[in-house]
Structure formats: C-alpha cells, structure tokens
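Peer 1: coordinates only, no sequence provided:
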C-alpha cells in the first residue's frame, strides 16, 4: 500500500511543475513564521533594585528544519525567513546507518553533496540528535501526513530513527511535517507501523493543522 501511495504522490508532485512549487513557497514561509512565533515563550521579568522591573530579551529559539530538494515543498525561503526573524536554524546531515546529525544553517554557509543521499548538506560542526531536544520545534519533510499524525516519508527511515532517539512523544519538541495542501490526508489513510512516530502538526502553504497526536 505505501509503495503505491508513494508512487502516486511523487507523480503528483512532478505534475505540479516548478511554477506550482514556487507559488507554494511564499505560503510556506508565512505559515512557518506564524508557527514559529507560537513557540516563543513569554519574555521573562526579573526584579531589580527599587520598584523597577527589567524585562530581559528572550534567548533566540532553535528550530530544526531541512533543505528541500527536487519536488519537496520548498524550504529555501523558510530557513532564510526564520533566520532573519532571529531564530537559530539547524538542518540535518545524513550519517551512516540512516542516522542524522544537525548543523547550524546560515545564509552564507557552504553546501556540499552528501555521499549517502541525493541532497546538499551544510558544512559545519555536526551535532548529535540529542542536541535537538533543546529545539523549540522541528519541521520535517514528508510525502503525506494523515490527520492522525502518521507521516509517510521516502522510505529511508532517517526521521523515524531520529525521533526514536529523542524519546517518548511527550518529551520531544513539537514536530510538524511540511506537505502540499492535497497531501494532508484523512485519518487512517496511511497505515501505521510500529516504528512510526506521529507528528504533532502539519504545515501546508495555506494553514497549520494540529493532528490527533498533537
């Protein structure tokens, strides 16, 4: 079932063409910024001498994202907009054993082709999966997501392993999958496997939708 569904979804993405994907890009940027803003904690106030109260600026929030390739929902504008808005953005790097490490992304960071997957990856210090436990939220790629939060990936299992390393769902940062509008499916549309880690929400060019897991 999943093999056939992946083939259908990939074909639909091809049919969108570069123009359709580009048109979706601005929508993803706007929705991602709204979602990121919802993650901000209130500014902390601490008393000082007398009756004055000093409001301290909140530390920049870290957000996990990914660098899109091929027909994936475009994230070039998303990671740049999040960085411009003051967030620290970290993106994954493929490691042996279908594992991920994470590297801080900046607009001027050099990229090189991964030896393990057909993607471009940033050059920089590689941080372990556990580092992302401190992230305010994580944006994940997907071919589709259903209303239960079950995410259909490309089949490599990188993100399932990554989320498993972060521990139980209640302990993980909020996870959100990015898909095109037609790839948000009804509950039960994607069969759940024992290793699946449901995501908390779905981001499309038009909206953010919480899943049953969120």
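Peer 2: Received, thanks. All values derive from a computational prediction rather than experimental measurement.
Peer 1: got a list of what the residue most central in space within the chain touches?
Peer 2: The centroid of the chain falls nearest to residue 139 when counting by CA atoms, centre = their mean (1.1 Å). Listed by CB atoms under 8 Å, 6 or more residues apart in numbering, the contact set of residue 139 reads 32, 63, 64, 65, 66, 75, 78, 176, 177, 178, 203. Quick note: C-beta positions are derived from backbone N, CA and C, even for glycine.
Peer 1: give me the number of residues near residue 176?
Peer 2: With neighbours defined by other CB atoms under 10 Å, the count for residue 176 comes to 29.
Peer 1: and it, what are its bridge partners?
Peer 2: As for beta bridges, residue 176 partners with residue 139, residue 201 under DSSP bridges.
Peer 1: then residue 92?
Peer 2: Residues found in beta-bridge contact with residue 92 (criterion: DSSP bridges) are residue 102.
Peer 1: how close does it sit to residue 154?
Peer 2: For residue 92, the distance to residue 154 under the criterion CB to CB, to the nearest Å works out to 13 Å.
Peer 1: and if you look at residue 130?
Peer 2: Per CB to CB, residue 130 is found 24 Å from residue 154.
Peer 1: have a look at these two and say which one is more surrounded.
Peer 2: A direct count of neighbours by other CB under 10 Å for residue 130 and residue 154 places residue 154 higher, at 14 against 11.
Peer 1: excluding its backbone neighbours, what's nearest that one?
Peer 2: In space, and not counting its chain neighbours, residue 154 is closest to residue 143: 6.6 Å by CB to CB, 6 or more residues apart in numbering.
Peer 1: over to residue 80?
Peer 2: For residue 80, ignoring the flanking residues on the chain, the nearest one in space by CB to CB, 6+ apart is residue 107 at 6.0 Å.
Peer 1: need phi/psi at the residue nearest to residue 113 when sequence neighbours are not counted.
Peer 2: The shortest distance from residue 113 to any residue that is not its chain neighbour, by CB to CB, 6+ apart, is 5.9 Å, and that residue is residue 120. Here the main-chain torsion angles of residue 120 (degrees, to the nearest 10) amount to phi -90, psi 140.
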